[in-house]
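K.L.:
how would this look folded up:
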Amino acid sequence: MMRNGMVAIACLMTAVWTAGCRVHVDKGANGDEKRVQVDTPFGGIHVNTGQTTAADVGLPAYPGAQKVTDDDNHKSVDVRIGFGEWEMHVQVASYSTADSQDKVSEFYRKALSSYGDVIACRNQQPVGNPAETSEGLSCSDHGRPNVNVNEDGKTYGYQPQQGTLELKAGSQRHQHIVAFENPESGQTRFALVALDLPASDFGKQGKSD
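P.N.:
This next block holds a predicted model:
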């Protein structure tokens, strides 16, 4: 079950406290877990699947695109993790369209430009120029969170596939990303991603804000 991995992490932190931890799970119509909330005296983990939209991520929905709902590993998700001053927020909205990747990427290059410079990446390497945004965001995998909230092997968060195109804007700490997947059955599938990463992960290195 989705909550098991999270409960193990969160409750471990409260083992010396009699307060323990509180777990709340809301299930969907089919019995799947749509929302999981784990609260402890130190902080908590909140996971909401299937509800995140392009607007939540801060980007427009591609005209005519449909949300991906038939793939558990690529469903939309909103993950908030906070323990003391350490906080991370990952939002992913997954879509599919019959239009070509070139057409979709052109649309999102324009949309991402509202957040500053836009870079293109493949296998953590820049494709064309610029190779880095003015705020210090590059194609390296620094600050790329994979949020594993299911001990059965499902990973909710951001996991780009090998060899696929990514468009990025922002800083290392605050990123907006459009990540394309390998095409299937003539469909262009892509994920809209917003990352807000912990300030403590960057220290004084680079531009994080």
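K.L.:
buried residues, whatever helix or strand Ile81 lives in. List them.
P.N.:
Taking DSSP states H and E as the criterion, Ile81 maps to strand 77-83. Buried residues in strand 77-83, counted by 16 or more other CB atoms under 10 Å: 77-81, 83. C-betas here are computed from N, CA, C, even on glycine.
K.L.:
what pairs with that strand, parallel or antiparallel?
P.N.:
Paired strands of strand 77-83, with direction, are strand 43-49 (antiparallel), strand 86-97 (antiparallel) (DSSP bridges).
K.L.:
the longest one: what's the following helix or strand?
P.N.:
Sequence-wise, the next helix or strand beyond strand 86-97 is helix 101-112, with elements assigned using DSSP H and E.
K.L.:
which strands or helices does that next one pack on?
P.N.:
In terms of contacts (3 or more CB pairs under 8 Å, 6 or more residues apart in numbering; DSSP states H and E), helix 101-112 is packed against strand 165-170, strand 174-180, strand 188-196.
K.L.:
identify the residues contacting the second one?
P.N.:
For strand 174-180, the surrounding residues in contact (CB atoms under 8 Å, 6 or more residues apart in numbering) are 57-59, 101, 104-105, 108, 112, 115, 137, 143, 158, 160, 164-170, 188-197, 209.
K.L.:
burial count for Tyr115?
P.N.:
20 (other CB atoms under 10 Å).
K.L.:
now do the contacts for it.
P.N.:
58, 169-170, 176.
K.L.:
any weak-confidence spans in the protein?
P.N.:
1-43, 71-74, 141-161, 183-184, 200-209 (pLDDT under 70).
K.L.:
just to revisit the earlier point, of the helices and strands packed on helix 101-112, which is nearest Tyr95?
P.N.:
When the helices and strands packed on helix 101-112 are compared by CB to CB, strand 188-196 sits nearest Tyr95, at 5.9 Å.
K.L.:
quick one: Leu197 and Met88 touch, right?
P.N.:
Yes - between Leu197 and Met88 there is a contact under CB atoms under 8 Å: 5.8 Å.
K.L.:
and the two most separated of the buried residues of strand 77-83?
P.N.:
Val77 and Phe83 (19.5 Å).
K.L.:
would you confirm that Met163 contacts Arg122?
P.N.:
If you look again at residue 163, you'll see it is Gly, not Met. Yes - shown here, Gly163 and Arg122 form a contact pair, counting by CB under 8 Å, at 6.6 Å.
K.L.:
let me know the distance separating Leu165 from Gly44.
P.N.:
Distance, Leu165 to Gly44, by CB to CB, to the nearest Å: 35 Å.
K.L.:
SS state for Asn129?
P.N.:
The three-state label for Asn129, taken from DSSP: H, G, I helix; E, B strand; the rest coil, comes out as coil.
K.L.:
look up how far Asp56 lies from it.
P.N.:
Relative to Asp56, Asn129 is positioned 31 Å away (CB to CB).
K.L.:
so which of these two has more stuff around it?
P.N.:
Using other CB under 10 Å, the more surrounded residue of Asn129 and Asp56 is Asp56, with 15 against 9.
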